[in-house]
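Student: please work out how this folds:
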Amino acid sequence: MTPYIAPTLTPLDAVGSGAGDKPVLLAVSYLRVSTREQAERGGTEEGFSIPAQREANHRKADELSARIVREFVDAGESARSADRDGLQEMLAFIAATRVQFCIVHKLDRLARNRADDVKIHEALINAGVTLVSATESIDQTPSGMLVHGIMSSIAEFYSRNLATEVTKGLTQKVAQGGTPMRAPIGYLNVRRTDDNGREVRTVEVDPERAPLITWAFEHYVTGETSVTGLLRELTARGLLTVPTPKRPSKPLGKNTLYKLLTNPYYAGVIRYKGALHPGAHEPIVEPELFDKVQSLLRARTAKMTRHVQHAHHLKGLLHCGTCGSRMLLDFATNPRGTTYAYFICSGRAAKKTNCTRRAVPVAVAERLVADSYASLTISDATYQRLAADVDAAFDKRNAGQDQEVADLTANRARLEAESDKLLAAHFADAIDLTTLKRHQDRIRAGLADVNRRLAEHSEHHTGGRAFLHDSLRLITDAHRAYAHSGDDDRRLANQAFYTRLDITDDEQLRPHLAEPFATIFREAHDGGDEGKEAKREHTTSFDVACSRKTLWVDLRGLEPLTPCMPCRCATSCATGPSCFVSPFPGQQEKLTTGVVGRANRARRPGVSFWDAGTPGL
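Tutor: Model (predicted):
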């Protein structure tokens, strides 16, 4: 708020207009209200309190035969701190100008903190200024100083007691599931009058913005977009902030969207002073969906995963068979304006190697990759044999594991009950907030460990078995499915089956199978005369990389490395990869699996990799 400035002083104003005139006493006026609501009450620029304080200060100045030369206003500023623009500007003005009085409506307008009151009063005394209250009898006499000290202490007591009462009220409100702050975007703060004429303040779902918030969580959890990409889509769909009397609606910022995605309020939980409390408001996001979004955000933050647009389904997988450099997609246009697409060796193009590899037409590369799936496909008889081995191994391992699951489940129930008792004790003032937070952190860590172990146990048995069956089923129909798929599905299939694809100088493909398909392929061709013949046939065309028995799918997931992704990350997993034991005889070392994307959705008999739903690898 712009301070009131009196007419400019002249030397004559300070000494009087004539020889018989008395010197004019000069004063400054300080006005303050604690909240913006007080400053804007009644629809006016200053509300009601500031004009009333101004009028009282001017009456006091007239009694002192003083003229107010400048007015300083702090609108919506708490007196518990001296770091206020208007106050600091006034102290600087007093130090540089010869004034006699500093007039306030009440002492609590100047400070509600005894220490700040002493510092401010000392600054006024050093400048030769007398502090005057328009409604209280204070002066420099002993009795006046006593009244000053008493009033200052009362002001501090009032402020501290008010803060305690407000905190008590907010704590009780939280205990009843109420919202102790302004509702986030997607909800509206509503005031209503009940049948008894009492005002009720509550929170309701915003019918305009809530569907967009729900869509944001559902879209982000697919793993196909980043926070930045999600922000663009939400802005295009028309998501804007709620307007206020001072600020119009505007699109969200990236930091605001990130806070939105991590706010448990949308799942029906209120975070208050670092502790979590069940809310009475209507959730617009399912708790399971919210937890999956948090897991994905943490995984992407840890790995700094970036998202790129793939111009071709082979981009990022092809490598030069001569120097090992990645092959890049390039275009050439002839004099007639016809454009041809090629894959070129990046080492040769950048002159980083001495490679002489010629460009490979895109059509040739596509044909080589499509033909590789024919060599990869296994027969139904081989599928039945390997599937039986998988089931036998898992059935053997599942024996005796029920007690461990029962113990973990009982421990989880005990921790949840303990958390409920702690909240009840806190609301009954039996324990303070610090103790509550400490125990909540311990219980939260314990629950996370129990849930992780239960998830690992499920993955070891249910997820691991299903993952291997899915992988076996994929390669029984790989060639036909790949031939009838679109570019997006072909890219996903190539990322799932191969870690890289090398094209040699004689335009032959040397694929590097990804796990678990490398081990499955080896097991499929280790038995029988037909298998031996097939193995010899594939020896020259397949260089199976990373086919160690200790790893099937490593902790980084199925995605291939790209220039913008220095390490793999299973971005579509809500939980991290887990471990199980190889089901194949003679290979009982620990294997690592990650049930992600389509492989996780293709668990129904007869459902192929490309029929499994939305791309998620």
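Student: you'd agree residue 269 is up against residue 281?
Tutor: No - in this structure, residue 269 is not within contact of residue 281 by Cβ atoms under 8 Å, at 10.0 Å. For every residue, glycine as well, the C-beta is placed using N, CA and C.
Student: of these two, who's got more company?
Tutor: Here residue 269 and residue 281 are compared on neighbour count by other Cβ atoms under 10 Å; more neighbours surround residue 281, at 19 against 16.
Student: for that one, which non-adjacent residue is closest in space?
Tutor: In space, and not counting its chain neighbours, residue 281 is closest to residue 203: 4.8 Å by Cβ to Cβ, 6 or more residues apart in numbering.
Student: one more: residue 328?
Tutor: Nearest to residue 328 is residue 346, by Cβ to Cβ, 6+ apart, at 4.9 Å.
Student: and that neighbour, how far from residue 216?
Tutor: Separation of residue 346 from residue 216 (Cβ to Cβ, to the nearest Å): 37 Å.
Student: so which of the two has more stuff around it?
Tutor: Neighbours per residue (other Cβ under 10 Å) separate residue 346 from residue 216, with residue 216 holding more: 26 against 19.
Student: correct me, but that one touches residue 258?
Tutor: No - the pair residue 216 and residue 258 fails to qualify as a contact (Cβ under 8 Å) at a distance of 11.3 Å.
Student: for the helix or strand encompassing residue 412, what is the average pLDDT?
Tutor: Element membership of residue 412, judged by DSSP states H and E, is helix 402-427. For helix 402-427, the mean per-residue pLDDT is 83.
Student: can you check stretch 248-255 too?
Tutor: Looking at stretch 248-255 alone, the average pLDDT works out to 90.
Student: same check on stretch 299-313?
Tutor: Mean predicted confidence for stretch 299-313 is 61.
Student: and for stretch 119-130?
Tutor: Averaging pLDDT along stretch 119-130 yields 88.
Student: list the buried residues of it.
Tutor: For stretch 119-130, the neighbour count (16 or more other Cβ atoms under 10 Å) marks 120-121, 123-124, 127, 129-130 as buried.
Student: please enumerate the strands of the stretch 101-250 of the chain.
Tutor: In order along the chain, the stretch 101-250 of the chain carries the following strands (DSSP state E, counting those that start in this stretch): 101-104, 130-133, 187-193, 199-205.
Student: so of these, which one's packed in deepest?
Tutor: Among the strands of the stretch 101-250 of the chain, the stretch with the highest mean neighbour count (mean count of other Cβ atoms under 10 Å) is strand 101-104, at a mean of 24.
Student: dump the C-alpha coordinates for that one into CSV.
Tutor: Taking Å, rounded to 0.1, in the frame of the first residue of the first chain, the C-alpha atoms of strand 101-104 are listed here in CSV:
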residue,chain,number,x,y,z
PHE,A,101,6.8,12.2,17.7
CYS,A,102,6.0,8.8,16.4
ILE,A,103,2.2,8.3,16.8
VAL,A,104,0.6,4.8,16.8
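Student: which stretches in the stretch 351-500 of the chain count as strands?
Tutor: Taking DSSP E, counting those that start in this stretch as the criterion, the stretch 351-500 of the chain carries its strands at 360-361, 498-503.
Student: pick the most deeply packed of those strands.
Tutor: Mean neighbours per residue, mean count of other Cβ under 10 Å, is largest over those for strand 498-503, with a mean of 21.
Student: re the thing from before, residue 192 is in contact with the residue nearest to residue 281, correct?
Tutor: No - counting by Cβ under 8 Å, residue 203 does not reach residue 192; the two are 11.4 Å apart.
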